[in-house]
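Engineer: Got a predicted structure plus its sequence, pasted below:
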Amino acid sequence: MTRVDLYLLLTAIIWGSNYSVIKFVLQEVPPRAFNGLRLLIASLVFLAAIFLTRRREDVARITPRHWGVIVVLGLIGQFGYQILFIAGLERTSVMNASIIIACTPAAVSLLSAAVGHERLPLAHWLGTALSFVGVSLIVRGGAITGVSSPTGDLMMIACVLCWTIYTVAGRPLLASYAPIVVTGLSMAIGTMLFLPFSTADFARTHWADVRLVAWICVVFSSLLALNFSYTAWYMGVRQLGSSRTSIYSNVVPVAALLVAMVWLGERLQGMRLVGAILVAAGVLLTRWGHRPAPLEEEDAPAET
């Protein structure tokens, strides 16, 4: 296992834990205020890391076409994903959200195949179909049990689509620029778009009443779940490819379910359990017999 693999494994564990962290903080801080704050902190850290180091040279040579891609990444992968994620998690359970996110590897592989990055075997298509059947059962199960709303589950499905586009569309840029540059600039753009939606929540939040443990969670969700994890994700995309990197999304629901059961007392049962089993089976099937195609020259990993 390489250093990048270890980073991606740690990223998956952090993201899995982050579901419960966010659920906890939302008891004290309104969702858009919390997300706006953590995005602002993470963006400032990224920009400082870029412009106070030699990475600022990367920014100076970004072409207009690549700036256009970075803006799209910020719009879809940062602003779109974050606004859907925080609103969806507010309306659904940690278990539902994390299991739906487990469809990400299949979605990333499908889009990678569609844009010509790799060819997929029949097992991959069957696994994808099985995963989405499982997701539909999770959505229905949440509505029946009253644990979550269909709207929240559908928002999490939209998150999968946003993250898939963000992962695949950003890959060509990583041949020319460091992951921290692509991630940092796109996050700064997404943050600027998100902040106007959070001003009302900022104004009505009694920040002096927020407990220290909630502030610690904000720092965790900013520096680890955003700064470290987003950079590690694009490091994986650059060095391992989109599909292989997305495999680590499978660890996210496992970590999320374990933390939620211990911390939040959630339970996995009934139709949601059946859906979870189908998603897990589908994800495993997408990896059975899978052989990624070699990187194209324009997608070759740049020097770390």
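Structural biologist: Good, I have the coordinates.
Engineer: give me every residue that touches V210.
Structural biologist: E28, V29 (CB atoms under 8 Å, 6 or more residues apart in numbering). In short, each C-beta sits where N, CA and C put it, glycine included.
Engineer: OK, contacts around the residue lying closest to V25 once chain neighbours are set aside?
Structural biologist: Take V25 and drop its neighbours on the chain: the residue closest to it by CB to CB, 6 or more residues apart in numbering is C217, 4.8 Å away. Counting by CB under 8 Å, 6+ apart, C217 touches V21, I22, F24, V25.
Engineer: any idea how far the nearest residue to the first one once chain neighbours are set aside lies from E28?
Structural biologist: Spatially, and ignoring its direct neighbours in sequence, V21 is nearest to C217 (4.8 Å; CB to CB, 6+ apart). C217 is 9 Å from E28, where distance means CB to CB, to the nearest Å.
Engineer: follow-up on the earlier one: what does the residue nearest to V25 show for phi and psi?
Structural biologist: Main-chain torsions, C217, degrees, to the nearest 10: phi -70, psi -40.
Engineer: roughly how far apart are it and S136?
Structural biologist: 32 Å.
Engineer: what's around S242, how many residues?
Structural biologist: 25 (other CB atoms under 10 Å).
Engineer: distance of it from P105?
Structural biologist: 10 Å.
Engineer: now L161
Structural biologist: 14 Å.
Engineer: the more surrounded of those two?
Structural biologist: The residue with more neighbours, out of L161 and P105, is P105; 29 against 17, by other CB under 10 Å.
Engineer: what's the helix or strand for that one?
Structural biologist: helix 104-114 (DSSP states H and E).
Engineer: Tell me the buried residues in that helix?
Structural biologist: Within helix 104-114, the residues that count as buried by 16 or more other CB atoms under 10 Å are T104, P105, A106, A107, V108, S109, L110, L111, S112, A113.
Engineer: for the strand or helix carrying W67, the distance to its chain's centre please.
Structural biologist: W67 belongs to helix 64-73 when assigned by DSSP H and E. Put simply, helix 64-73 sits 20 Å off its chain's centre (CA atoms, centre = their mean, to the nearest Å).
Engineer: so after it, what's the next helix or strand?
Structural biologist: Taking DSSP H and E, what comes next after helix 64-73 is helix 81-91.
Engineer: and that next one, what does it pack onto?
Structural biologist: helix 3-25, helix 31-51, helix 150-170, helix 179-204 (3 or more CB pairs under 8 Å, 6 or more residues apart in numbering; DSSP states H and E).
Engineer: contacts for that helix?
Structural biologist: 19, 22-23, 26, 31-32, 34-35, 39, 97, 148-149, 151-156, 158-159, 162-163, 166, 190, 194, 197.
Engineer: Sort out which of those residues are buried, if you could.
Structural biologist: 19, 22-23, 26, 31-32, 34-35, 39, 97, 148-149, 152-156, 158-159, 162-163, 166, 190, 194.
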